[in-house]
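Undergrad: sequence? don't have it. structure:
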């Protein structure tokens, strides 16, 4: 299984998710914007992407669109995360959506549903 890729410009959020998922036994990579995420995905195909909606330098919807247009990345499941209202994200072709704020338990449940246990 490839790593789980967390893409979030909020260091505290990325760090909390990384720590939780590593403690559960998952391999985790972190990117702080969409461009960094594409670089990480060029190196190794992730099993799942946890993607923040609002970020500088290629936001979540832009990264998701780039992934869906790339044959290598199009099937990678993406969980979008945001405090934005549903009208912002409801139309997006993400696999799942987790509204912020969320509990770490909820995110772990979503990860396990999509990729199983490590």
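TA: Structure's in. What do you need? Note that the structure is a prediction, hence the values are computed from the model and not measured.
Undergrad: quick one, helices of this structure?
TA: For the chain, helices defined by DSSP state H occupy the ranges 11-23, 34-43, 60-69, 86-89, 104-115.
Undergrad: outside of the third one, which residues touch it?
TA: Contacts to helix 60-69, defined as CB atoms under 8 Å, 6 or more residues apart in numbering, come from residues 7, 34, 37-38, 41, 49, 51-54, 58, 73-74, 76, 78, 80, 82, 89, 92-94. C-beta: built from backbone N, CA, C; applies to glycine.
Undergrad: show the buried residues in those.
TA: By neighbour count, with 16 or more other CB atoms under 10 Å, the contacts of helix 60-69 hold 7, 34, 37-38, 41, 49, 51-53, 58, 73, 76, 78, 80, 82, 89, 92, 94 as buried.
Undergrad: what helices or strands is the helix or strand of the chain with the lowest mean pLDDT leaning on?
TA: Lowest mean confidence among the helices and strands of the chain (mean pLDDT, DSSP states H and E): helix 86-89, at a mean of 82. Helix 86-89 sits against strand 78-82, with contacts defined as 3 or more CB pairs under 8 Å, 6 or more residues apart in numbering; DSSP states H and E.
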